[in-house]
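Novice: would you be able to build a 3D model of this:
(one chain, ligands or ions: 1)
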Amino acid sequence: MTESLFGQVEAFAGDPILSLNDSFKADPRTEKVNLSIGVYTDENGRIPVLGAVKAAYERTGFAERPYLPMEGHALYREGVQKLVFGDRHPARTEKRIATIQTLGGTGAVGIAADFLAKHCPGRTVLVSDPTWENHHGLFQRAGFKTATYPYWDRVNRSVDFDGMVKALEAAENGSIVVLQPVCHNPTGVDLDERQQAAITDVLVAKGHIVVFDMAYQGFGTDLDADAAFVRRYAERASCVVANSFSKNFSLYGERCGGLSIVCRNADEAERVLGQLKLAVRRSYSSPPMTGGLLVATVLGDDSLRAEWAREVGIMRDRMDAMRKRLADAIRALSNEIDVDFLTTQRGMFSYTGLSAEQVDAMRERDGVYLVGSGRMCVAGLNEANVPKVAKSFVEAIQAQK
Ligand code: LMR
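Specialist: Numbering: from 1, shown residues only. Now for the predicted structure:
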């Protein structure tokens with residue numbers, strides 16, 4: 001061999017969420033419980049294959065696989081727009097939205113970051129404190145500096161709304177602000193309608209560029225209600241919207257998502273779409289087809305779409321029921337622990353307030369896996385594992401006292 005070319009390459013420290021998922025898989029204990037990665041499993045601990053998706057699969061079969069266009073499948077893109085904005089949103093009827101099919105929600109945020117780096121360079125990107133870890137990385141990779149705005153009020157286990165408003169008001173005009181409109185990851189706490197309206201006023205007045213990251217549409221209240229913040233915002237101002245089908249279609253490995261940029265007029269949207277196509281071409285040329293066809297088929301067919309919406313409701317209701325089951329099981333073991341937060345937070349995640357040491361103890365002693373920040377994925381709970389999780393949780397808190 002010649003001299004080493006890559007001897008200086010640093011070891012990858014691992015991703016805080018994905019590495020934990022690997023450790024879980026490697027854990028030989030049979031009674032282990034995975035409440036780390038944001039993946040919905042059913043009552044039997046399986047990732048469900050949704051009936052609507054299965055029907056779409058049977059309908060589409062496996063035929064020829066030409067390249068999709070850079071922007072993705074036309075029906076898929078239409079489906080994204082209708083789902084995210086609603087059929088009759090003025091931005092849609094006026095053809096002011098540039099939408100592309102993306103590689104999951106991560107791919108959508110990544111292409112958004114590339115697009116913004118080229119067309120709005122040098123701005124600061126503000127993300128919530130805390131946020132999904134990858135937000136920092138995706139924008140930094142594109143060349144931005146990231147900073148945070150306050151979001152989590154540790155004491156009241158709610159949104160630090162005043163802190164958030166102050167930070168967004170103090171930020172330089174035209175900053176890029178990443179917002180999660182529903183089922184905030186990792187905290188599970190969202191802005192209420194009044195707060196959404198107030199923050200919209202601030203964002204519009206400051207000329208900030210909002211990037212909505214909507215990865216859990218349908219897991220909060222329902223598909224339409226969960227998109228209400230985005231829809232109202234898009235009536236007031238241009239914005240960027242990333243959405244994911246990983247969770248609500250249970251299609252994690254297919255990498256299906258969408259990126260929509262709401263523009264001032266149809267001509268601008270056409271040019272923005274062109275630049276998004278270019279960003280895709282330079283990155284991976286065009287999106288893959290199989291998952292995209294499934295999503296397009298479901299969203300484009302009234303009866304499959306209705307069936308899918310019903311199945312999203314089943315997942316949502318089961319997560320809500322498990323939140324309540326866990327809260328009750330913890331209360332039955334100790335009346336000293338306040339677990340009201342479990343049922344007021346929503347979506348896949350709960351911020352438990354557990355410390356990294358407590359999370360380590362639960363994993364090492366009981367094989368119960370949470371993310372080090374104390375984030376619990378409630379979508380991994382089921383009737384069988386709730387008693388074990390409740391006991392582990394109570395012991396972790398009592399050991400700290
Ligand atoms: C999560 O936050 O656990 C999920 O969104 C999965 C991921 O890609 O990190």
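
Novice: and for Arg282, the neighbour number?
Specialist: Using other C-beta atoms under 10 Å, Arg282 has 10 neighbouring residues. The C-beta positions use only the backbone N, C-alpha and C, and glycine is treated the same way.

Novice: what's the helix or strand for the closest residue to the ligand within the stretch 1-150 of the chain?
Specialist: Nearest residue of the stretch 1-150 of the chain to the ligand: Gly38, at 3.2 Å (C-beta to the nearest ligand atom). Assigned by DSSP states H and E, Gly38 belongs to no helix or strand.

Novice: and it, what pLDDT?
Specialist: pLDDT for Gly38: 96.

Novice: got the residues of the stretch 151-300 of the chain near the ligand?
Specialist: Residues of the stretch 151-300 of the chain lying close to the ligand (C-beta under 6 Å from any ligand atom) are Asn185.

Novice: got a list of what the residue of the stretch 1-150 of the chain closest to the ligand touches?
Specialist: Residues in contact with Gly38 (C-beta atoms under 8 Å, 6 or more residues apart in numbering) are Ile17, Asn185, Ala215, Lys247, Met348, Phe349, Cys377, Ala379.

Novice: go with 10 Å
Specialist: Contacts for Gly38 (C-beta atoms under 10 Å, 6 or more residues apart in numbering) come out as 17, 21, 132, 183, 185-186, 215-216, 244, 246-247, 252, 347-349, 371, 375, 377, 379-380.

Novice: next: Arg65.
Specialist: Taking C-beta under 10 Å, 6+ apart, one finds Pro288, Met289, Thr290, Leu293 in contact with Arg65.

Novice: just the buried ones from those residues, in PyMOL syntax?
Specialist: Selection of buried members from these for PyMOL, criterion 16 or more other C-beta atoms under 10 Å:
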select buried, resi 288+289+293
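
Novice: what's the most distant pair in the contacts of Arg65?
Specialist: The span of the contacts of Arg65, defined through C-beta to C-beta, is set by Pro288 and Leu293 at 9.7 Å.

Novice: anything in contact with each of the two?
Specialist: What both Pro288 and Leu293 touch, as defined by C-beta under 10 Å, 6+ apart, is the set Arg65, Leu68, Glu254, Cys256.

Novice: for those, work out which two are farthest apart.
Specialist: Farthest pair in the shared contacts of Pro288 and Leu293 (C-beta to C-beta) is Arg65 and Cys256. Separation: 15.9 Å.

Novice: who wins for most neighbours among the shared contacts of Pro288 and Leu293?
Specialist: Among those, Cys256 has the most neighbours (other C-beta under 10 Å), with 30 neighbours.

Novice: these two touch, right, that one and Ala215?
Specialist: No - using C-beta atoms under 10 Å, Cys256 makes no contact with Ala215, being 11.7 Å away.

Novice: which residues are in contact with each of those two?
Specialist: With C-beta under 10 Å, 6+ apart, Cys256 and Ala215 have common neighbours Gly104, Gly105, Asn243, Ser244, Phe245, Ser246.

Novice: dump these into CSV; add distance to Asp114, neighbour count and pLDDT as well.
Specialist: Below are the shared contacts of Cys256 and Ala215 laid out as CSV (distance: C-beta to C-beta, whole Å; neighbours: other C-beta atoms under 10 Å; pLDDT from 0 to 100):
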residue, distance to Asp114, neighbour count, pLDDT
Gly104, 15, 24, 98
Gly105, 15, 25, 98
Asn243, 17, 27, 98
Ser244, 18, 26, 98
Phe245, 21, 31, 98
Ser246, 20, 22, 98
